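J.: Turn this into a model:
(2 chains)
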Amino acid sequence: MAVMRVNPTRMELTRLKKRLQVARRGHKLLKDKRDELMKKFLELVRRNKELREKVEESMMKVHSSFLIARAVMSSEVLDEALMFPKQNVSISVSTKNIMSVDVPVMNFETSSDNEDDIYPYGYATTSSELDTAISTLSRVLPDLLELSQMEKSAQLLAQEIERTRRRVNALEYVLIPQLEETIRYITMKLDENERGNLTRLMKVKDMMLEQARQAAANR
Amino acid sequence: MYKIGVIGDKDSILGFKAVGFDVYPITGPKEAETVLHQLAGDNYAVIYITEQIAKEIVEDIDKYKDEMFPAIVPIPGNQGSLGIGMQGVKKSVERAIGADILFNDDEV
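T.: Got it, this is the predicted structure:
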């Protein structure tokens, strides 16, 4: 690991030590965040998978009924039957915070007066398969909406996990080793200076003693 | 108030009209792209799109992946499920964890 380009001074050493401390703390926090996110994500994605299986199955039922309806009715009649829907769906969206990720929470409202009376047509000209298709569809509706909410949450969480993981790795494998290395380098440099200084002093002392002795001998 | 849109071929999605979704029948991927971007810019929180169409315009759909809105959800069309929706779930698992740990047991 490369040593940073710093001056090997005591001040720099304290500064780096402080940075290392911060980095270690950040690393620990981010790691915890990642683990927790992962836990939440796995829960979510498991439910997501089940729900999707369920929805897809129901959708196939809807399609098969609808296909028959379409076959037995002329397309003009079908178009006419569905021209003006009785029910209107709108969603209000709030957000929920899962580990600092904002995920949408969707509440949908249907604007029909009667839950059972969703057919926007009279029964005279339409086939019963159309009724089946539409009633099945309106029953999957809540699941369908929950699925969309869940899938979006999963995508957003996945993105956040990816980002957090990158940060954790950057700290763990780049920044922290680099700081440690640099701190070691500075400490060794300072120690070396210290030793150099000490030997120089000893040498000077020896020289002075030598001089003093010679002066005494000459006298 | 947000709205819900459905994009796909007419036969697959006409039924959604009865339950109150806004239905946008399209015939080809080019048209689908235009409609998708238009809806995304408009007030749509959820856009359902049939898999047959979704597989043609994956790139356009992926653009909205990291944003909160709209949530674009592939649903099976009347020609059967292509497994694209499941693949989407799988993809986010792979993205988050780095390996697929949920779908080992089936062939998706």
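
J.: can you list the residues of chain B near chain A?
T.: Applying Cβ under 8 Å from any Cβ of the partner chain, we find that chain B lies next to chain A at B:1-4, B:11-12, B:14-21, B:45-46, B:48, B:65-66, B:68-69, B:71, B:73, B:75-78, B:80-81, B:85-86, B:88-89, B:92-93, B:95-98, B:102. C-betas here are computed from N, CA, C, even on glycine.

J.: Okay, strands next: where are they in chain B?
T.: Using DSSP state E, the strands of chain B run over residues B:3-8, B:22-25, B:44-50, B:71-75.

J.: Tell me which of those sits most buried.
T.: Highest mean neighbour count among the strands of chain B (mean count of other Cβ atoms under 10 Å in any protein chain shown): strand B:71-75, with a mean of 27.

J.: pLDDT weak spots in chain A?
T.: In the predicted model, chain A carries pLDDT under 70 at residues A:1, A:85-86, A:111-118, A:120, A:122-125.

J.: what residue is smack in the middle of it?
T.: For chain A, the residue lying nearest the average C-alpha position, counting by Cα atoms, centre = their mean, turns out to be A:Glu160 (1.5 Å).

J.: Quick one: end-to-end length of stretch A:119-136, please.
T.: Chord length of stretch A:119-136, first to last residue, is 12 Å (Cα to Cα, to the nearest Å).

J.: which residues in chain A form strands?
T.: A:89-98, A:101-110.

J.: Would you format those as TSV with mean neighbour count and distance to chain B included?
T.: Putting those into TSV (neighbours: other Cβ atoms under 10 Å in any protein chain shown; distance: least, Cβ to the nearest Cβ, whole Å) gives the following:
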stretch	mean neighbour count	distance to chain B
strand A:89-98	14	4
strand A:101-110	17	6
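
J.: returning to what we had before: can I get the strands of chain B in CSV with mean pLDDT?
T.: Putting the strands of chain B into CSV (pLDDT from 0 to 100) gives the following:
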stretch, mean pLDDT
strand B:3-8, 84
strand B:22-25, 84
strand B:44-50, 85
strand B:71-75, 85
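
J.: Of all those, which one comes closest to A:Ala154?
T.: Distances from A:Ala154 to each of the strands of chain B were compared by Cβ to Cβ, and the smallest falls on strand B:71-75, at 10.4 Å.

J.: and the closest one, which strands flank it?
T.: Sheet pairing of strand B:71-75 (DSSP bridges) gives strand B:44-50 (parallel).

J.: For the closest residue to the residue nearest to the centre of chain A other than its chain neighbours, list the residues it contacts.
T.: Computed as Cβ to Cβ, 6 or more residues apart in numbering or on different chains, the closest residue to A:Glu160 that is not its neighbour in sequence is A:Val101, at 4.6 Å. A:Val101 makes contact with A:37, A:156-157, A:160 under the criterion Cβ atoms under 8 Å, 6 or more residues apart in numbering or on different chains.

J.: quick one on the thing from earlier: kindly supply the ChimeraX command isolating those of the residues of chain B next to chain A that are buried.
T.: Taking 16 or more other Cβ atoms under 10 Å in any protein chain shown as the burial criterion, the selection of buried members of those in ChimeraX is written as:
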select /B:2,3,4,11,12,14,15,16,17,18,19,20,21,45,46,48,65,68,69,71,73,75,76,77,78,81,85,86,88,89,92,93,95,96,97,102
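
J.: so where's chain B shaky on pLDDT?
T.: The model of chain B has pLDDT under 70 over residues B:102-108.

J.: any idea how far A:Val174 is from B:Gly83?
T.: Here the distance between A:Val174 and B:Gly83 works out to 39 Å (Cβ to Cβ, to the nearest Å).

J.: Same drill for those two, tell me which one is more crowded.
T.: Regarding A:Val174 and B:Gly83, a neighbour count based on other Cβ atoms under 10 Å in any protein chain shown identifies B:Gly83 as having more, with 15 against 12.

J.: Quick check: the farthest pair among the contacts of A:Val101?
T.: With distance counted by Cβ to Cβ, no two of the contacts of A:Val101 lie farther apart than A:Leu37 and A:Leu156, which are 10.7 Å apart.

J.: Tell me what A:Pro104 is bridged to.
T.: As for beta bridges, A:Pro104 partners with A:Thr95 under DSSP bridges.

J.: doesn't A:Met150 make contact with it?
T.: No. A:Pro104 lies out of contact with A:Met150 (Cβ atoms under 8 Å); the separation is 10.0 Å.

J.: need the longest helix for chain A.
T.: Scanning chain A for the helix with the most residues, using DSSP state H, yields helix A:10-72.

J.: Mind checking which of the residues of chain B next to chain A are in helices?
T.: Taking DSSP H, the ones among the residues of chain B next to chain A that sit in helices are B:11-12, B:14-18, B:85-86, B:88-89, B:92-93, B:95-97.
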